[in-house]
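**Student:** model this:
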Amino acid sequence: MKKLLKALSITILTLGILYLGILISPSFLFANKIEYNHCTVFSDDNIDSNIKFIIDDATKRISKSEIYDSTFHFNLFICNMPWRFMLLNQGNSMAMGTADQHLTRHIYFRKCDIPNNQAIPRQKPRFSLSDRPLSYYFAHEMTHILESLYTGRFRFGTPVWLREGYADYIAKDGNFDFNENLKLLHSNALELDPKQGLYRYYNLFVAYLIDKKGLNIKLLYSQTPELETLKPEIMNLPVE
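**Tutor:** Predicted coordinates:
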């Protein structure tokens, strides 16, 4: 019995080390790559030349952030085969893209429509994607990596609402109508329910703090207000 347990432990440890190695260096799983600007894009299918436009657009969006780092080189992996996306995301198959902020700082995307700058969600989206082209998703995940660079790999204190709200704020590149979303909040619209997969609710709070109160993201990282204390402030704003 002891020999069996020992063998099992060694097997689990070996598999764990192998999996860690894959996460750190997954490029061997991808036959194609292109280097452009400050990005290397890997894909298990051909990479359409329009990827350069998407990178340019995403870079324009994130460059407006106070924590933008023009020296950082992003590694993005496009997984056209679902199993690759699940493997590299520890089984997460629902997201359009994910950023490993704590270990590798790699970014992973599921199959997407590069020629048309469009995301391809796993399920039919409940809400319009008109404000979320593929370059939005690129910028959103790249902002998460910038957050990791600024706050550190192993800082876990930043709340989800600030982390996701700021990534949405930057990736939307100003395409966020504060008053319209405030109206939606007052009407308890589904678009403002984070459980629906959108970050508009979180974005509303970040936009309020940055655009209405004049705060900056660096200050918000160090002195993060409680979401529940902010909600009454926003609810008391006049709806225009």
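**Student:** and the helix ranked longest in the chain, what's buried?
**Tutor:** Longest among the helix segments of the chain by residue count, using DSSP state H, is helix 2-24. Applying a neighbour-count criterion of 16 or more other CB atoms under 10 Å, one finds Leu23 buried in helix 2-24. In short, each C-beta sits where N, CA and C put it, glycine included.
**Student:** go through the helix or strand following it and flag the buried ones.
**Tutor:** Counting by DSSP states H and E, the next helix or strand C-terminal to helix 2-24 is strand 32-36. Of the residues in strand 32-36, those with enough neighbours to count as buried (16+ other CB under 10 Å) are Ile34.
**Student:** residues touching the longest helix of the chain, excluding its own?
**Tutor:** Here helix 2-24 makes contact (CB atoms under 8 Å, 6 or more residues apart in numbering) with Leu29, Leu87, Leu88, Asp100, Leu103, Thr104, His106.
**Student:** pull the contacting residues for the fourth one.
**Tutor:** Spelled out, that is Asp100. Shown here is Asp100, whose contacts under the criterion CB under 8 Å, 6+ apart are Leu23, His106, Ile107, Tyr108.
**Student:** could you identify which of these has the most neighbours?
**Tutor:** In terms of neighbours by other CB atoms under 10 Å, the contacts of Asp100 top out with Tyr108 at 26 neighbours.
**Student:** would that residue count as being in a strand?
**Tutor:** Yes. With the criterion set as DSSP: H, G, I helix; E, B strand; the rest coil, the secondary structure at Tyr108 is a strand.
**Student:** next up, phi/psi of the spatially closest residue to Ile54 that is not a sequence neighbour, please.
**Tutor:** Leaving aside its chain neighbours, Ile54 sits nearest to Ser135 (4.7 Å; criterion: CB to CB, 6 or more residues apart in numbering). According to degrees, to the nearest 10, the main-chain angles of Ser135 amount to phi -60, psi -30.
**Student:** what about this structure, any weak spots by pLDDT?
**Tutor:** Within the chain, the set of residues satisfying pLDDT under 70 comprises 91, 93, 156.
**Student:** rewinding a little: got the contacts of Asp100 as TSV, with distance to Val160 columns?
**Tutor:** Formatted as TSV, the entries for the contacts of Asp100 read as follows, by distance: CB to CB, whole Å:
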residue	distance to Val160
Leu23	22
His106	21
Ile107	18
Tyr108	19
